[in-house]
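[1] pasting the sequence and the predicted model now:
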Amino acid sequence: MKNKNSVFYMVLASLFAALIAVFTAFIFRIPIKIGANSAYIHFGDAFIFLAASILPTPYAVAAAGIGGALGDLFCGGAEWIFFTVIIKISVALIFTSKAPKMLCKRNTFALFTALLITVGGYYIAEALIFGNWVSPLLSVWGNVVQIIGSAVLYILLCGTLGSRLKFK
């Protein structure tokens, strides 16, 4: 029985990784030019939040890291993959799938924490990549918009799926 569950979770994690990659690279992707960086705003993070609210932690972490990395690769941003994997895994770790509802107190608080991790993580990543600690300040607003947009989509998805998914 345990083997059957692990196959189910691997398949679900793979589907989430694909959703994260597609929503990062192709769907609702808004390119922006900020200082030295050509960035984009996307809503792939909503599916990281959702995966981490549904899947056991190891599977959610794998979906977040793989999906985020593929999203960067598809967009031509291979230099960001290392940082993205660390940031997306960190975000997935703060959510829980053990609550009776997807949008529980912990996951609601995790949305705010995800904002801090994403903004701080990509600020450091951009500073290290470009060797400048001032210019990354220009891209902070893009990360804020990205996480707020993803949080709104996540809340809508939880409202839609929350009554249809059976937990425990």
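    Nice, thanks for sending it over. Numbering: from 1, shown residues only.

[2] contacting residues around residue 21?
    Listed by Cβ atoms under 8 Å, 6 or more residues apart in numbering, the contact partners of residue 21 are 44, 66-68, 70-71, 74. C-beta here means a position set from N, CA and C on the backbone, and glycine is covered the same way.

[3] tell me the contacts of the closest residue to residue 67 other than its chain neighbours?
    Of all residues not flanking residue 67 in the chain, residue 20 sits nearest, at 2.6 Å (Cβ to Cβ, 6 or more residues apart in numbering). By Cβ under 8 Å, 6+ apart, residue 20 lies in contact with 44-45, 47-48, 51, 63-64, 66-68, 70-71, 88.

[4] quick one: the helices in this structure?
    Assigned by DSSP state H, the helices in the chain fall at 2-25, 45-54, 57-74, 81-93, 105-130, 140-161.

[5] most tightly packed of the ones you listed?
    Compared across these, helix 45-54 shows the largest average neighbour count, a mean of 27 (mean count of other Cβ atoms under 10 Å).

[6] center of the chain, which residue is that?
    What sits nearest the mean C-alpha location of the chain, by Cα atoms, centre = their mean, is residue 45, with 3.0 Å.

[7] would you mind measuring from that residue to residue 101?
    20 Å (Cβ to Cβ, to the nearest Å).

[8] one more: residue 56?
    17 Å.

[9] can you put the contacts of residue 21 in a markdown table and add pLDDT?
    As requested, the contacts of residue 21 are exported to a markdown table (pLDDT from 0 to 100):
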| residue | pLDDT |
| --- | --- |
| 44 | 95 |
| 66 | 98 |
| 67 | 98 |
| 68 | 97 |
| 70 | 98 |
| 71 | 95 |
| 74 | 94 |
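
[10] residue contacts, the closest residue to residue 30 other than its chain neighbours?
    Leaving aside its chain neighbours, residue 30 sits nearest to residue 41 (4.4 Å; criterion: Cβ to Cβ, 6+ apart). By Cβ under 8 Å, 6+ apart, the contact set of residue 41 is 29-30, 32, 142, 145-146, 149.

[11] how about 6 Å then?
    30, 142, 145-146 (Cβ atoms under 6 Å, 6 or more residues apart in numbering).

[12] give me the below-cutoff pLDDT ranges for this structure.
    For the chain, the stretches with pLDDT under 70 are 1-4, 33-39, 163-168.

[13] how about a cut-off of 50?
    Per-residue confidence for the chain (pLDDT under 50) gives these ranges: 1, 167-168.
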